[in-house]
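Novice: Here is a sequence with its predicted model. Questions after.
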Amino acid sequence: QVQLVESGGGLVEPAGSLRLACVTSGFTFSQYAMTWCRQAPGKEREWVAGIDDDGSSRSYKDSVKGRFTISRDNARNTVYLQMNSLKPEDTAVYYCSVDLGRAYYWGQGTQVTVSS
């Protein structure tokens, strides 16, 4: 079955960095675009970044442009989110997701907390 497993979250001070990873299985990873989303307490889930199937096209939410980088390793079925210059407002549970056409799949999420 389709599985997405995020890791790499944690507690970091403002201006710090984290690298999230999402390992996938159960579908042909190299054929699908991938996205990262996040959900802060009391707020709706929001899209953060996306990457196409071969990594040639990437897009970002305005508030993370220049600070976050999405990438993928199709040999490892893994998508990454490098987060630099983190701010308290980046605090959220981060999810990777994929739209397989027949259904949309999410991981369980990884908590990112930015605080001094």
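Specialist: Good, I have the coordinates. Residues are numbered from 1 along each chain as shown.

Novice: Give me the contacts around stretch 4-14.
Specialist: 18-24, 86-88, 93-98, 105-116 (Cβ atoms under 8 Å, 6 or more residues apart in numbering). For the C-beta atoms, the positions are set from N, CA and C on the backbone; glycine is no exception.

Novice: What's the local residue count around S97?
Specialist: 19 (other Cβ atoms under 10 Å).

Novice: pLDDT at the residue nearest to S63 when sequence neighbours are not counted, what is it?
Specialist: Spatially, and ignoring its direct neighbours in sequence, S63 is nearest to E89 (7.7 Å; Cβ to Cβ, 6 or more residues apart in numbering). As predicted, E89 sits at a pLDDT of 96.

Novice: In contact with the spatially most central residue of the chain: list those residues for me.
Specialist: Closest to where the C-alpha atoms of the chain average out (Cα atoms, centre = their mean) is W36, at 3.1 Å. By Cβ under 8 Å, 6+ apart, the contact list for W36 reads 20, 22, 47-50, 70, 79, 81, 94-97.
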